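Novice: sequence unknown, structure follows:
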């Protein structure tokens, strides 16, 4: 999926500037990376409207949405959302990082696995569908990032499994995750273990509410730009 997002330049970064941007009803963000070889790679601080930005995050493609970022006075940039910081209570976005992508170069992204149908081994034989890996890493051109990898589990019986190698025919992406990775299998129901006589059931104490922002990160992007980041 592709989307268009309007942005405006900010004079600087930093805590005070970010707070002023949020007070004005905008999300502070930074654009990293070069669109093509030879372009400047200096980070560009921008601000975006939260409503269209949240629509992108909540869309079917989510963080894998290819975005045309429009900034007055700048050439339109094709970007992906690299990272989003969310308020731990309201889940409102506090900050975002965008990463420019070269449309002619492959990138690595994380793609969700989506199941279709009901497994025969569950419906008929009373088995349990074990969903082992819900995401995989793939490499592809930015314009060919899949929203998800759909898997039809209808024919799976008890003992049957689907590995990544079963899903790579006629696709526009190259798997990065090991082809032998088992994604789904149908198993017989496990016997419920009774607690030992006199044993007390421990109840986990609820975790204390964290005050740190929740961070949503994207998988790998352009390889060379990643190396450049590591050198910083």
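Specialist: Yep, it's here. What you see is a predicted model, and the numbers here were worked out from it, not measured in a lab.

Novice: Below-threshold pLDDT in the protein: ranges please.
Specialist: For the chain, the stretches with pLDDT under 70 are 35-40, 191-213, 218-232.

Novice: domain ranges for it?
Specialist: Using automatic domain parsing, the domain parsing of the chain gives 2-103+213-231, 108-187.

Novice: Dump those domains to JSON lines, plus mean neighbour count.
Specialist: C-betas here are computed from N, CA, C, even on glycine. Rendered in JSON lines, the data for the domains of the chain read as follows (neighbours: other Cβ atoms under 10 Å):
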{"stretch": "domain 2-103+213-231", "mean neighbour count": "16"}
{"stretch": "domain 108-187", "mean neighbour count": "15"}
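
Novice: the strands in the protein, which residues?
Specialist: 2-9, 27-32, 44-48, 66-70, 77-86, 93-100, 107-116, 128-131, 135-140, 149-152, 161-163, 174-175, 182-187, 214-217 (DSSP state E).

Novice: Go through those strands and name the closest to residue 59.
Specialist: Proximity to residue 59 (Cβ to Cβ) singles out strand 2-9 among those, at 7.3 Å.

Novice: Give me the contacts around that closest one.
Specialist: Applying Cβ atoms under 8 Å, 6 or more residues apart in numbering, the contact partners of strand 2-9 are 26, 29, 31, 44-49, 52-53, 55-56, 59, 65-74, 143.

Novice: now stretch 158-175
Specialist: Contacts of stretch 158-175 (Cβ under 8 Å, 6+ apart): 106, 111, 119, 121, 125, 127, 136-141, 144-146, 149, 151, 153, 156, 177-188.

Novice: From residue 155, how far off is the closest residue to residue 122 other than its chain neighbours?
Specialist: Leaving aside its sequence neighbours, residue 122 sits nearest to residue 129 (Cβ to Cβ, 6 or more residues apart in numbering; 5.3 Å). Residue 129 is 13 Å from residue 155, where distance means Cβ to Cβ, to the nearest Å.

Novice: between these two, what contacts are shared?
Specialist: Common neighbours of residue 129 and residue 155 (Cβ under 8 Å, 6+ apart) are residue 119.

Novice: Bridged to the residue lying closest to residue 83 once chain neighbours are set aside, which residues?
Specialist: Once flanking residues are discounted, residue 83 sits nearest to residue 97: 4.4 Å by Cβ to Cβ, 6+ apart. Taking DSSP bridges as the rule, residue 97 bridges to residue 30, residue 83.
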